[in-house]
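A.B. asks: just to be clear, the model below is a prediction. Sequence and coordinates:
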Amino acid sequence: MATTNSGTTNWLRGRVKAVPSGDCVVIMANVKADLPLEKTITLASIMAPKLARRGGVDEPFAWDSREFLRKLCLGKDVVFKVEYTVPSIGREFGTVFLGDKNLASLIVGEGWAKVREPFQPKDKDKEKTEGSPYLAELRASEEKAKQLGLGRWSKVPGASEASIRDLPPSAIGDPTNFDAMGFIASNKGKPIEAIVEQVRDGHSLRAYLLPGFQFVQVFVAGVQAPSMGRRGMPEFVAAETEPLAEGSNEDAPSGSAAPLTSAQRFAQSVTAASEVPPDPFAREAKHFTELRVLNKDVRIVLEGVDKNNNLIGSVYYPDGDSATDLALELVKNGFAKYVEWSGNMMEDEAKRKLKTAELQAKKDRLRMWTNYQPPASNSKPIHDQNFTGKVVEVVSGDCIIVADDSVPFGSPASERRINLSSIKAPKMGNPRRDVDAEPTNPEERAKFNEVLRTRAFGREAREFLRTRLIGRQVNVSMEYSRKMTNDLPGAVATSSPDSRVMDFGSVILASPSKNDGEEAPPANQHGGINVAEMLVSRGLATVVRHRDFEERSKYYDALVTAESRAISGRKGMHSSKDPPAVHVADLSMGSVKKARDFLPFLQKTKRHTAVVEYVFSGHRLKLYIPKETCSIAFAISGVRAPARNAAKNISEPYSDEALAFMRRKVLQRDVEIEVETVDRTGTFLGSIYESKKNVALSLVEEGLAKLQTSFGFDRIPDSHLLVHAEQNAKQQKKKIWENYVEGEDVSNGSSSTHERKQKESMKVVVTDVLSGGKFYVQKVGDGEVASIQQKLASLSIKDAPVIGSFNPAKGSIVLAQFSLDNSWNRAMIVNGPKDGVKSATDEFEVFYIDYGNQEKVPYSRLRPADAEISGRPGLAVLCSLAHIKVPELEDDCGQEAAEFLSYCILENAKEFQAVIEERDNTAGKAKGRGTGNLLIVTLMDPSSETSINAAMLQEGLAQLERKKRFDTREKKAALEKLEEFQDKARKERLNIWRYGDIQSDDEESVPPAKAGGRR
């Protein structure tokens, strides 16, 4: 046998990575690298018993020998030296020291290996094999082990036979008899002790399952590491003619191999062509797994089995006194990615940890994620924005307003709108308003009903937060902002002007109370309770499933865990129970008659419990009365706080402070009210008490309101206290009294402009635009609109009527099918065929009385309307813009004026506030489009500081009316205000002013005086 002396003369240091057998170790360089160098060293001059190979059995004491060496040196630092190599088999033989002990001597001394003497060939042409320089020491150790009967030299009868393992077929190369499905059925979820014998990829390994020694392949559940590829078959080596040398361990005979046959060469070429190289970081991932589990005792928790009978499970390896999840470590270090197909077999908590670890590895661009490019995201992190404050308002189940303690009281910037991070509460409101008609398809109907049921929890979620947060101190940690657009869901936000930015953060309830409930989540590291977690744990909100690289709550893991508990406990929206239905009558949007009719019911009881829903100003509120299930507009009697006009952007001094004071004092709090009367606008007047104290008294004490004696001072509760409080505020010159001079009489009568009779206004949606500044509107919040729409949606429209059976007359109300969306609507017949209906294609001109538009439709698209529908008045109200004259279509700039007006008021279905300036009832009943009674209005856009009337003047598309001597002071003031916009357009020569001043050609100009005749 040919051997060569090693060129290595120095001792090397390393760490034992694996122990394949009782006389062989794999040693790697002890350096910090993803893929360090390693050597396989066979201990020189000893030979351990051989483990079973395919179809064979163990030699006596083979397993005990391997286990002795594995437990002795695996993972430990050693010093080694290569003594000699055998090139024919590519094996290196050497000496390994563990500390100051020769590893080979320890093995031989325990009787687990025998000494292998150097081979002395009889043929002088052959070289003898080398031996260990410590051969004498090995012989002495062997002799001592024999004398003591240790290991393989045991003198106990039957010890040799007992040391041979009883291996199942899977352990000796025959996996066909292994019933993977049956095995997983009896062992799923149970920890099984195992020893890993081979690592194929970073996520795939082969192991002995103890104690039965089933040899199985296991895929690590939930992850996939880069593939090691596919290697070609090794070159064919011909059988050696010379037999093995006697006594050699693992040595192959020397000599040249026989030439390959043609069949062998063909097979080799096919194999080489099918070779697949390893993926990037595949070797590193494999080495990472080998370091942690190869030849080590592990615990495997089986999760499932694939179609190839490979077991899938979670692998836990020892790490100090605890066990570490191999899958999680692979993902954390960028050596594997999460995969759904096997991850779905795991528990939700384990899956969540893997996904979180993968996201962090992507962010850090670790190893296999080095070139990862994250998808575009519409969220940006917010850093170092933490503050404390009191909750002022609960907007919805996932949005609150907090007053920042560090910002001065009364400042508009003190109140910050906070959307709770990573959760979503159900929307509030009726989803029927979002659709034209309820779906009739069974599947769509079921989905629609589920939306109805879920939205009912929106009010419950807001009420839950209201009762627990209003007025409470909280710690807010801002985390990210997101740009929201009106585009399709999931679209990445752009710099569109329609986009808005929403700020998200975590809100921690600083001092939990008993009212927070027994099921409140545990306090976090800040010593408080996460408000979002409170909602999710009760099933009142769901956790948002973020995409990769989207910013999220720092408590996201806790939120997901809370949601899992809520789902398993069937809480809130996850239960099959429906929340109690609440039908609220909103008297603040109704008619004055309804409010007056309801007054006796509120006066039966002296005091009512109410909740403040909204604060309009320091003394005007909107209240919800739970016992009566109604909402009312309410004004505090006897006092008046500074007010502001948002439409005109005019505010009285200290109006913002009064509003902020009332928001912090009573908004969304439980209060008590005493109702005294109702005014001409349908607003209820009375007193309001918070914590048994008259709120009017608090306003006056702070210098934010003054007495209103015109109400009837003798009817005001606590009037003497109010007088005393006002006198103190005057003396201290608080707020509105800062310029008060004692002795000057300040009128508290009703002469103030703000106390005059308010003009009638209504919230509307524009449905159609005509020329000359005219348009049709529908009232928003009118119950008649919803009633008619619901009635039309419930109709079952039959086939076209037979000609002659249905003859629509001019002015009659019918059902007509609109040509653009095929919806059925109420319509008035304006014109029909002169000679009557002859065919189904004969056309009728119809006017849609609920929308104001008009078109021609064939007879086949008409149906008779029953009396219940046709008898109700039309919902479309004809309006024109007050104080201005808009050109007709045929006039100069008439087309441009109509287009601009349509753009302003018809697109996006905006809601406007229409202030009624005059009524023109001279036209009588409507007979078609553009006819009938007319409302002359100022149309206010809530999103803008100016009216549509002013916008038309500013664009040079309208002309201001002339002032008349008999105009009221209010109208004259309105004309003066609008004149600024007209002057601007005239100076810039816009549209109708492009040829200069047209006032001289106005039809309202005074005619020139006639010349006098001669005497």
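C.D. replies: Received the coordinates, thanks.
A.B. asks: how would you label Val395: helix, strand or coil?
C.D. replies: strand (DSSP: H, G, I helix; E, B strand; the rest coil).
A.B. asks: start the count at 744, not 1, going forward
C.D. replies: Taking 744 as the first residue, the last one we looked at is Val1138.
A.B. asks: gap between the nearest residue to it once chain neighbours are set aside and Val1135?
C.D. replies: Closest residue to Val1138 apart from its sequence neighbours, by Cβ to Cβ, 6 or more residues apart in numbering: Ile1144 at 6.4 Å. The C-beta positions use only the backbone N, C-alpha and C, and glycine is treated the same way. According to Cβ to Cβ, to the nearest Å, Ile1144 and Val1135 sit 5 Å apart.
A.B. asks: ok, those two, which is more surrounded?
C.D. replies: Val1135 (22 against 17; other Cβ atoms under 10 Å).
A.B. asks: hey, what's in contact with both of Ile1144 and Val1135?
C.D. replies: Glu1158 (Cβ atoms under 8 Å, 6 or more residues apart in numbering).
A.B. asks: against Met1683, how distant is the residue nearest to Val1138?
C.D. replies: From Ile1144 over to Met1683 (counting by Cβ to Cβ), the distance is 25 Å.
A.B. asks: then Leu786?
C.D. replies: 95 Å.
A.B. asks: these two: which has the busier surroundings?
C.D. replies: Leu786 (30 against 21).
A.B. asks: per-residue pLDDT, that one?
C.D. replies: At Leu786, the model reports a pLDDT of 94.
A.B. asks: which strand residues sit across from it in the sheet?
C.D. replies: When assigned by DSSP bridges, Leu786 has beta-bridge partners Gly837.
A.B. asks: my read: it touches Asp766, true?
C.D. replies: Yes: Leu786 is within contact range of Asp766, at 4.8 Å (criterion: Cβ atoms under 8 Å).
A.B. asks: okay, and the common contacts of these two?
C.D. replies: 847, 850, 856.
A.B. asks: so which of those comes closest to Val1325?
C.D. replies: Ile850 (81.8 Å; Cβ to Cβ).
A.B. asks: hang on, the earlier thing: which of the shared contacts of Leu786 and Asp766 lies at the shortest distance from Ile1572?
C.D. replies: Ile850 (109.1 Å).
A.B. asks: state the pLDDT value of the closest one.
C.D. replies: Among the per-residue scores, Ile850 holds a pLDDT of 94.
A.B. asks: element containing it?
C.D. replies: helix 846-852 (DSSP states H and E).
A.B. asks: nearest residue to the middle of this structure?
C.D. replies: For the chain, Val1287 is the residue whose C-alpha lies nearest the centre (Cα atoms, centre = their mean; 3.0 Å).
A.B. asks: am I right that that one is in contact with Asn1162?
C.D. replies: No: with contact defined as Cβ under 8 Å, Val1287 does not reach Asn1162; the gap is 10.8 Å.
A.B. asks: which neighbouring elements make contact with the lengthiest helix in the chain?
C.D. replies: Scanning the chain for the helix with the most residues, using DSSP state H, yields helix 1185-1212. Packing partners of helix 1185-1212 (3 or more Cβ pairs under 8 Å, 6 or more residues apart in numbering; DSSP states H and E): strand 1129-1139, helix 1274-1280.
A.B. asks: okay, the ones you listed, which one's buried deepest?
C.D. replies: Greatest average neighbour count among the helices and strands packed on helix 1185-1212 goes to helix 1274-1280 (a mean of 26), per mean count of other Cβ atoms under 10 Å.
A.B. asks: please tell me how far that one is from the chain's geometric centre.
C.D. replies: 15 Å (Cα atoms, centre = their mean, to the nearest Å).
A.B. asks: who touches that helix?
C.D. replies: In contact with helix 1274-1280 (Cβ under 8 Å, 6+ apart) are residues 1140-1141, 1143, 1163-1166, 1168, 1204, 1207-1208, 1211-1212, 1217, 1249-1252, 1259, 1262-1264, 1284-1286, 1296, 1298, 1301-1302, 1305-1306, 1308-1309, 1314.
A.B. asks: which helix or strand lies directly C-terminal to it?
C.D. replies: Next along from helix 1274-1280, by DSSP H and E: strand 1285-1286.
A.B. asks: give the pairing partners of that next one; include direction for each.
C.D. replies: Short version: by DSSP bridges, strand 1285-1286 pairs with strand 1166-1167 (antiparallel).
A.B. asks: pairing partners for the helix or strand hosting Ser1430, with directions?
C.D. replies: Per DSSP H and E: Ser1430 is located in strand 1427-1433. Here strand 1427-1433 has these sheet partners by DSSP bridges: strand 1373-1379 (parallel), strand 1413-1421 (antiparallel), strand 1436-1437 (antiparallel).
A.B. asks: what's next to that strand, contact-wise?
C.D. replies: With Cβ under 8 Å, 6+ apart, strand 1427-1433 has contacts from 1338, 1342, 1345, 1350, 1353, 1364, 1375-1381, 1408-1409, 1412, 1414-1422, 1437-1439, 1454, 1459-1461.
A.B. asks: so where do the strands sit in the stretch 1294-1443 of the chain?
C.D. replies: Assigned strands in the stretch 1294-1443 of the chain, in chain order: 1328-1329, 1351-1358, 1363-1368, 1373-1379, 1382-1383, 1387-1388, 1393-1394, 1413-1421, 1427-1433, 1436-1437 (criterion: DSSP state E, counting those that start in this stretch).
A.B. asks: closest one to Ser1555 among those strands?
C.D. replies: Nearest to Ser1555 among the strands of the stretch 1294-1443 of the chain is strand 1328-1329; the distance by Cβ to Cβ comes to 34.8 Å.
A.B. asks: can you list contacts of that closest one?
C.D. replies: By Cβ under 8 Å, 6+ apart, strand 1328-1329 touches 1372-1374, 1524.
A.B. asks: and for stretch 1555-1573?
C.D. replies: Outside of stretch 1555-1573, the residues within contact range by Cβ under 8 Å, 6+ apart are 1179-1180, 1531, 1535, 1538, 1540, 1551-1554, 1587-1594, 1597-1598, 1600, 1604-1608, 1612-1613, 1617, 1669-1672.
A.B. asks: make it 7 Å
C.D. replies: 1179, 1535, 1538, 1540, 1551-1554, 1587-1594, 1597-1598, 1600, 1604-1608, 1612-1613, 1671 (Cβ atoms under 7 Å, 6 or more residues apart in numbering).
A.B. asks: mind checking how far Pro1169 is from Leu1677?
C.D. replies: 43 Å.
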